[in-house]
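Asks: This is the structure alone, sequence omitted:
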């Protein structure tokens, strides 16, 4: 249970709730265990009357009625305390589940982009849902039933030993076999639980990828192939689950068998001792009740053990992510004011997952309020530069300065809040158009939202929708065209009014006429802002204050549009080619 030690902080946090729950559990079981004693007294007084030891029938009836009322009272109080027990311990498990899910979610947000490149979304979702549910079963029902079982065992066995030690020893004879069985089966369940959770993550990841890429699957007509692949995975998962439940299924029959043996021993040994005159008939009845009261707690040992083993396997999987340290950390807790001056000094960067060197000794300087354009073929390192400016990665060598301060020494939250970033692949949330734009500024008025949409040249499209700005768009903006998604992303960045604007090839899905309108608007908006435009089109960047041309991670050309078109090289060749295409 090493992995489950991580939960101790939550158990300490809610220790008073748990302590109250334990006290209530003890009271509940102590009251419940008064019933067998009252049964013994009732049987004994009836036997005494039969044997002539108590001649007064009215006294017997009175005693029996008194015992019946006490049994009912004890049962009612025990039931009430059982209700309170569930209200304390089970509610505590829900609070711990809530805290743990929040902790995992916050950790997910802290972890760097590299983490998300190496792990599937379905697996992440499974750990925060299914695995946390297994943990809840451990901190709730498992703890509750364990306390239940321990209290019943301790109180019942003390009472039994006090009445007849010999009969008690025979009654408890099957317990060592029970312990050995639990130990062996627990190890098997732990291993199989881990495998089951791994396959559940694979199933979730497979389904998530399938649904996200459903348009591709349909366009290629490969639904049947993906169905076959999913069925294979589902069948393997089913087999692993069956293996687990086969092991779990042994518990309950085994417990019942051992309890049955205890009952037989009570009746046989108790009967012999009754004939000898050592014990009364009421003692046998009391022992049978104790054994049968212990049936459920003993039977539940298997279920609890299974829950603990599954929780151990799940917590181990959760700990894998919780113990990971974010690659990008905030080194400065003090506020940092961002003006927008950017400088790269011999910056090189290699991606860990692919070992591709994206940048090699890149150097440039961009003053506040100026516009820098970055041009280059696919894979030349354009997006890497903007990712480094937003500090989504840290440079492996060289230095990046923002306002003459190393980027690592700035407050990370302030840095990112000062950047309006429009990525290459526009990502929209399953919400209204208005809320997607307001993502850049939650306090924005309707007038401000409309102005941002007009600047991004999407307002006229939005008002044509049935519900206008209140139109609900599907997951990832699936109901919109590529160009519409890009323009809503631009509006989201504009409305933020940041010090630094970054447009990473965000006009690739719009026509040249629309592009020109948007760019004219952007140049007006970004007059006093530091702006970086990444593009494949000369038309998108010709008005920039400075242009750098990248090839294989290196700057091969640098200057203004007028300077570069007069120099033989990549920029002039691309300009002539695109000019010819436009004329054609």
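Replies: Looks like it arrived, so ask away. Just so you know, these numbers come straight off a predicted model, no measurement behind them.
Asks: in the stretch 351-500 of the chain, which spans are strands?
Replies: For the stretch 351-500 of the chain, the strands defined by DSSP state E, counting those that start in this stretch occupy 357-366, 371-376, 397-402, 405-406, 419-422, 500-504.
Asks: Now the second one: average pLDDT?
Replies: Confidence over strand 371-376 (mean pLDDT, whole number) is 90.
Asks: from now on call the first residue 16
Replies: Sure, I'll start numbering at 16, so the last one becomes strand 386-391.
Asks: residues in contact with it?
Replies: 357, 379, 381, 397, 400-401, 538, 541, 545-551, 553, 555-556, 558-566, 586, 589 (CB atoms under 8 Å, 6 or more residues apart in numbering). For every residue, glycine as well, the C-beta is placed using N, CA and C.
Asks: Which of the residues you listed are buried, as a PyMOL select command?
Replies: Buried subset of the contacts of strand 386-391, written as a PyMOL selection, criterion 16 or more other CB atoms under 10 Å:
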select buried, resi 357+379+381+397+400+401+541+545+546+547+548+549+550+551+553+555+556+559+561+562+563+564+565+586+589
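Asks: Can you list which of the contacts of strand 386-391 are found in helices?
Replies: 397, 400-401, 538, 553, 555-556, 586, 589 (DSSP state H).
Asks: of the residues you listed, closest to residue 319?
Replies: Closest approach to residue 319 among these (CB to CB): residue 401, at 53.3 Å.
Asks: residues in contact with that closest one?
Replies: Contacts for residue 401 (CB under 8 Å, 6+ apart) come out as 389, 436, 517, 519, 547, 549.
Asks: do the same with residue 302
Replies: Contacts for residue 302 (CB under 8 Å, 6+ apart) come out as 51, 175, 178-179, 182, 186, 281, 285.
Asks: can you redo these as TSV with neighbour count and pLDDT?
Replies: TSV is the format used below for these (neighbours: other CB atoms under 10 Å; pLDDT from 0 to 100):
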residue	neighbour count	pLDDT
51	25	86
175	23	86
178	19	87
179	20	87
182	23	87
186	25	83
281	25	86
285	24	87
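Asks: Please name the nearest non-neighbouring residue to residue 127.
Replies: residue 342 (4.0 Å; CB to CB, 6 or more residues apart in numbering).
Asks: Just give me the neighbour total for the one you found.
Replies: 14 (other CB atoms under 10 Å).
Asks: I'd guessed it sits against residue 129; true?
Replies: Yes. With contact defined as CB atoms under 8 Å, residue 342 reaches residue 129; the gap is 6.0 Å.
Asks: any common contacting residues for those two?
Replies: Joint contacts of residue 342 and residue 129 (CB under 8 Å, 6+ apart) are residue 408.
Asks: Model confidence score at residue 234, please.
Replies: As predicted, residue 234 sits at a pLDDT of 67.
Asks: measure the nearest residue to residue 541 once chain neighbours are set aside to residue 401 for me?
Replies: Nearest non-adjacent residue to residue 541, counting by CB to CB, 6+ apart: residue 516, 5.3 Å away. Distance from residue 516 to residue 401, counting by CB to CB, to the nearest Å: 11 Å.
Asks: cool, residue 380 as well?
Replies: 16 Å.
Asks: any idea how far the nearest residue to residue 451 once chain neighbours are set aside lies from residue 483?
Replies: Leaving aside its sequence neighbours, residue 451 sits nearest to residue 443 (CB to CB, 6+ apart; 5.1 Å). The span separating residue 443 from residue 483 equals 16 Å under the rule CB to CB.
Asks: can you check residue 372 too?
Replies: Taken as CB to CB, the span from residue 372 to residue 483 is 48 Å.
Asks: end to end, how far does stretch 301-320 reach?
Replies: 29 Å (CA to CA, to the nearest Å).
Asks: re earlier: now render the contacts of residue 401 as TSV, adding distance to residue 77.
Replies: As requested, the contacts of residue 401 are exported to TSV (distance: CB to CB, whole Å):
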residue	distance to residue 77
389	99
436	86
517	91
519	91
547	95
549	95
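Asks: Need the residues touching each of residue 516 and residue 401.
Replies: Residues touching both residue 516 and residue 401 by CB under 8 Å, 6+ apart: residue 547.
Asks: can I assume residue 36 is in contact with residue 161?
Replies: No. If you go by CB under 8 Å, residue 36 and residue 161 don't touch, sitting 11.7 Å apart.
Asks: who's more crowded, those two?
Replies: Neighbour count, other CB under 10 Å: between residue 36 and residue 161, residue 36 has more, with 23 against 19.
Asks: Contacts only, for the more buried one.
Replies: Neighbours of residue 36 in contact, by CB under 8 Å, 6+ apart: 100, 103-104, 107, 159, 162.
Asks: among those, who's most crowded?
Replies: Ranking the contacts of residue 36 using other CB under 10 Å puts residue 104 first, with 26 neighbours.
Asks: Can you name the helix or strand that it falls in?
Replies: Here residue 104 is covered by helix 72-125, with elements defined by DSSP states H and E.
Asks: Do me a favour and average the pLDDT over that helix.
Replies: If you average the pLDDT values across helix 72-125, you get 89.
Asks: Show me what that helix is packed up against.
Replies: Judged by 3 or more CB pairs under 8 Å, 6 or more residues apart in numbering; DSSP states H and E, helix 72-125 is in contact with helix 23-28, helix 30-47, helix 49-65, helix 147-152, helix 158-178, helix 310-337.
Asks: Provide the contact partners of the helix or strand immediately after that helix in the chain at residue level.
Replies: Remark: after helix 72-125, the chain's next helix or strand is helix 128-133, criterion DSSP H and E. Helix 128-133 has contacts (CB under 8 Å, 6+ apart) with 339, 341-342, 367-368, 402, 407-408.
Asks: Averaged pLDDT, helix 128-133. What do you get?
Replies: Averaged across helix 128-133, pLDDT comes to 82.
Asks: Mind listing what's buried along it?
Replies: The neighbour-count check on helix 128-133 (16+ other CB under 10 Å) flags 129-130 as buried.
Asks: go on, stretch 406-416?
Replies: Across stretch 406-416, burial judged by 16+ other CB under 10 Å covers 406-408, 410, 413, 415-416.
Asks: Format these as JSON lines; extra columns: distance to residue 139.
Replies: Shown next, in JSON lines, are those (distance: CB to CB, whole Å):
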{"residue": "406", "distance to residue 139": "22"}
{"residue": "407", "distance to residue 139": "18"}
{"residue": "408", "distance to residue 139": "20"}
{"residue": "410", "distance to residue 139": "27"}
{"residue": "413", "distance to residue 139": "32"}
{"residue": "415", "distance to residue 139": "29"}
{"residue": "416", "distance to residue 139": "34"}
